[in-house]
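S.K.: sequence and computational prediction follow.
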Amino acid sequence: MPPSVDPKSVNVNITTGTGVEIEWRDGHRSSYSFQYLRDACPCALCNEERNKTGRKPGQSPGQAPGALPMFKPAMRATQAEAVGRYAIRFTWNDGHQHGIFAWDYLREICPCTECKKARAVAETTK
């Protein structure tokens, strides 16, 4: 049976800045840091950038070779809003606000160990 893509509950922790927790209808629980979600933004601009660099959703872009590390404030959502009954959209502290995170996309990119292993197995059987 495929995993449920309907959330039972969604907890967006904007005040604490810790991220998003989702309990899915099938009992699975996902916990996403805001940095992970920002790095997984599904908008066209972010997808294009990831495709050019070969990054997977949720992978940090890293730093350009030879670049000096710069202080960057921790990534956090400043606002979250429901998009119909199928998604959530965030406004980020870097001003970005174009990505619409559909529930099925969030389930697909779940960062838990169990889901990472399942994706790795799926990749090797392609």
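M.R.: Everything's here; your move.

S.K.: by mean pLDDT, point me to the weakest helix or strand of the protein.
M.R.: Lowest mean confidence among the helices and strands of the chain (mean pLDDT, DSSP states H and E): helix 113-124, at a mean of 92.

S.K.: as CSV, could you dump the C-alpha coordinates of that helix?
M.R.: Output of helix 113-124 as CSV, limited to C-alpha atoms (Å, rounded to 0.1, in the frame of the first residue of the first chain):
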residue,chain,number,x,y,z
THR,A,113,15.8,7.4,8.1
GLU,A,114,13.1,5.0,7.0
CYS,A,115,12.1,7.1,4.1
LYS,A,116,15.7,7.9,3.1
LYS,A,117,16.4,4.1,3.0
ALA,A,118,13.2,3.5,0.8
ARG,A,119,14.3,6.2,-1.6
ALA,A,120,17.8,4.7,-1.8
VAL,A,121,16.4,1.3,-2.6
ALA,A,122,14.1,2.7,-5.2
GLU,A,123,17.1,4.5,-6.9
THR,A,124,19.1,1.3,-7.1
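
S.K.: mind listing the strands for this structure?
M.R.: For the chain, the strands defined by DSSP state E occupy 7-13, 19-24, 29-32, 77-83, 87-92, 100-102.

S.K.: in its sheet, what does the last one sit against?
M.R.: It stands for strand 100-102. strand 87-92 (antiparallel) (DSSP bridges).

S.K.: first to last residue in stretch 54-61, what's the distance?
M.R.: End-to-end distance of stretch 54-61 (Cα to Cα, to the nearest Å): 10 Å.

S.K.: look up how far Val12 lies from the closest residue to Ala87 other than its chain neighbours.
M.R.: Among residues not flanking Ala87 along the chain, Ala102 sits closest, at 4.3 Å (Cβ to Cβ, 6 or more residues apart in numbering). C-betas here are computed from N, CA, C, even on glycine. Distance, Ala102 to Val12, using Cβ to Cβ, to the nearest Å: 15 Å.
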